[in-house]
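Trainee: quick one, structure for this:
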Amino acid sequence: MRVMQVMGGTEHGGAEAHFVKMVCALQKAGIEQKAILKQHPVRAEQLRKAGVDVVEVIQEDFTSPSVTDLLRKEAQQFKPAIVQTWMYQATRAMPRGDYLQMGWLRGYQHLSDYRNCDHLIGMTKGVVTSIMEQGWQAERIHHIRPFAEEKNSPPMPRSQFDTPENAPLLLAMGRLHWHKAFDTLIMALPQLENHYVWIAGEGELRRELEDFAREIGVRDRVRFLGWQDDQAA
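Mentor: Here you go, the predicted structure:
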């Protein structure tokens, strides 16, 4: 079976990280794949190391007609049985063809961008419920959860992020986007005396979240770790 994987995506994101894990796992299982993704040297290298044929798209706007033309040409040459499109940009750009199209949803989205799909995949039960409430047939909706890698890593030393060894420590991971509600986590910190928070992730709200932590007087107990590839550690 041949599967074509298409990812627009952002520079940092949990769904993007899951995309790499899923494609590498399918490759290891013997599925022949071609991955087409917005230019991202780190992701592309991870996929190539796993043996996946990778095409990087240099256009910033993944939904432009030139990207659709590229996807059509790649599908005609590769002749996949299944095309998996990850999130709305890739799904909107992918033309219909002689294959089964399965669209992955990052979160709660309107389904107008997914009208070409035969099946939809939600990463949480809440997303699956949202898809069903928008009129999709239950047999065409699937719940596939993100999965963790089976590996152990020594924990990151607290000293790396200037955190006392004996302080209660909270950890949150994810893209710094309003969907993730990191502001709610920070807002709770004044009620948790002596607790520290590590936020592992990157995104457009970083400066805003840093300023908010400073405004409510807890900036000295919040550590922004940036994007971390070693989730186990």
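
Trainee: for the rest of this, base every contact and every neighbour count on C-alpha atoms.
Mentor: OK.

Trainee: run through the residues that contact the nearest residue to residue 100 once chain neighbours are set aside.
Mentor: Distance criterion CA to CA, 6 or more residues apart in numbering; nearest residue to residue 100, sequence neighbours excluded, is residue 82 at 4.7 Å. Neighbour list for residue 82: 2-4, 99-102 [criterion: CA atoms under 8 Å, 6 or more residues apart in numbering].

Trainee: quick one: low-confidence parts of this structure?
Mentor: Applying pLDDT under 70 to the chain flags the ranges 147-150.

Trainee: what ranges do the helices span in it?
Mentor: For the chain, applying DSSP state H gives helices covering 14-28, 41-49, 65-78, 87-93, 125-133, 182-188, 206-215.

Trainee: wait, doesn't residue 132 sit right on residue 140?
Mentor: No: with contact defined as CA atoms under 8 Å, residue 132 does not count as touching residue 140 (9.4 Å).

Trainee: mind checking how far residue 22 is from residue 167?
Mentor: The spacing between residue 22 and residue 167, counted by CA to CA, to the nearest Å, is 36 Å.

Trainee: again, but for residue 36
Mentor: For residue 36 relative to residue 167 (CA to CA), the value is 45 Å.

Trainee: what's the first-to-last distance across stretch 124-139?
Mentor: 16 Å.

Trainee: residue 9 and residue 95, how far apart?
Mentor: Distance from residue 9 to residue 95, by CA to CA: 18 Å.

Trainee: sorry, slip of the keys, the one I care about is residue 74.
Mentor: In this view, residue 74 and residue 95 are 11 Å apart by CA to CA.

Trainee: just residue 216 next, same as before
Mentor: For residue 216, the distance to residue 95 (CA to CA) stands at 49 Å.

Trainee: okay, these two: which has more neighbours?
Mentor: Neighbour tally, residue 216 and residue 95, criterion other CA atoms under 10 Å: the higher count belongs to residue 95, 15 against 12.

Trainee: surely the more buried one and residue 66 touch.
Mentor: No: Residue 95 is beyond contact range of residue 66, at 11.8 Å (criterion: CA under 8 Å).

Trainee: so who does the nearest residue in space to residue 155 that is not next to it in sequence touch?
Mentor: Ranked by CA to CA, 6+ apart and with sequence neighbours excluded, the top spatial neighbour of residue 155 is residue 233, at 4.5 Å. Contact analysis of residue 233 by CA under 8 Å, 6+ apart lists 152-156.

Trainee: CSV for the residues you listed, including distance to residue 221 and neighbour count?
Mentor: Shown next, in CSV, are these (distance: CA to CA, whole Å; neighbours: other CA atoms under 10 Å):
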residue, distance to residue 221, neighbour count
152, 27, 9
153, 25, 9
154, 23, 7
155, 19, 10
156, 17, 11
